[in-house]
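# Output the structure for:
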Amino acid sequence: MRAGFGRNFRLILLSLFFISGCSVSLFNGYQKDPGYTGEAPMSWFKADSGHFLFHTRIDIMKNHLSGLMVIKPMTGETYRVVFITEVGLKIFDMEFFADKPAKVHYIMEAMDRNVIVNTLTNDIGLILMTRISSQKPSVFRDKSTRKIAFRYRDKGRKYYYHVSGEDGRFYKVVQKAGMARKVYADLYGNEVSGIDSIKISHFAVKLSINLYRIIEDSNHAAD
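Prediction:
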């Protein structure tokens, strides 16, 4: 797997560098809604379940990585995220914080490049809501769906978290730089069972992360 990944690595780096600077310009389809009184977005990963386990597939150009991803809420706004293959090979081990950049405890050699590390930490941080959770967001309404979107800012980027109701659960995130849409994430789940699946996609490059939650049988595990 490492050899196959390495053969296309130069193309991957060039593509990620491309999307870091440009993308398809789109009309800003939001209007301010200062009268909204519902809850601001909250992370799906604050539940008291100990950890979240996902069957995960990462597609980068013609390279495919699949395995298990564990997201573990730690103290405060800190999360530990580990991704391993089905045969137990560790791909990466990262820690995410509210007030500082993510820390990479380990990443496989073929992926140990700044552009890939920055992309992965950005995408995962997007769904965890790290680095922006302490901000007071601006409230907008999506012109097409008429649903509420909360806007956050960080280092020249804008993050729009779309909520489906007043409980603060967000179902879509759009990251923009200027008027250009760079990354978006779709989240599926409900208030009772929590997060079910997530799809993260990039514009202008074939890069996606798909996560499907595995509900563990605690009684079986105890046996």
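# now the lengthiest helix in the chain, how far from the centre of its chain.
Using DSSP state H, we find that the single longest helix of the chain is helix 114-128. Chain-centre distance of helix 114-128: 7 Å, with C-alpha atoms, centre = their mean, to the nearest Å.
# Which strands or helices does whichever helix or strand comes after that helix pack on?
Next in sequence after helix 114-128, counting helices and strands by DSSP states H and E, comes strand 138-142. Counting contacts by 3 or more C-beta pairs under 8 Å, 6 or more residues apart in numbering; DSSP states H and E, strand 138-142 packs against strand 30-32, strand 148-154. For the C-beta atoms, the positions are set from N, CA and C on the backbone; glycine is no exception.
# Just give me the neighbour total for Lys158.
Close neighbours of Lys158, defined as other C-beta atoms under 10 Å, add up to 19.
# Please pull out the lowest mean pLDDT helix or strand from the protein.
helix 218-222 (a mean of 47; mean pLDDT, DSSP states H and E).
# Now do the same contact list for the spatially closest residue to Lys103 that is not a sequence neighbour.
Nearest non-adjacent residue to Lys103, counting by C-beta to C-beta, 6 or more residues apart in numbering: Glu95, 4.5 Å away. Contacts of Glu95 were listed using C-beta atoms under 8 Å, 6 or more residues apart in numbering, and they are Met74, Thr78, Tyr79, Arg80, Val81, Ala102, Lys103, His105.
# how near is Glu95 to Leu89?
Glu95 sits 20 Å away from Leu89, going by C-beta to C-beta, to the nearest Å.
# So, low pLDDT: which residues of the protein?
1-28, 47-49, 165-168, 178-181, 217-223 (pLDDT under 70).
# Helices of that one, start to end?
Using DSSP H, helices in the chain cover 2-7, 9-21, 114-128, 218-222.
# Which secondary structure elements does the third one sit against?
The elements that helix 114-128 packs onto, with contact taken as 3+ C-beta pairs under 8 Å, 6+ apart, are helix 9-21, strand 90-96, strand 103-107, strand 170-177, strand 180-190, strand 194-202, strand 207-213.
# Which among those is found nearest to Asp123?
Smallest distance to Asp123 across the helices and strands packed on helix 114-128 (C-beta to C-beta): 5.0 Å, for strand 194-202.
# what's the closest one in contact with?
Counting by C-beta under 8 Å, 6+ apart, 19, 44-45, 47, 49, 52, 54, 123, 126-127, 182-190, 207-213 sit against strand 194-202.
# Enumerate every residue touching the closest residue to Lys172 other than its chain neighbours.
Once flanking residues are discounted, Lys172 sits nearest to His162: 4.1 Å by C-beta to C-beta, 6+ apart. Going by C-beta under 8 Å, 6+ apart, His162 touches Asp142, Thr145, Lys147, Ile148, Ala149, Phe170, Tyr171, Lys172, Val173, Val174.
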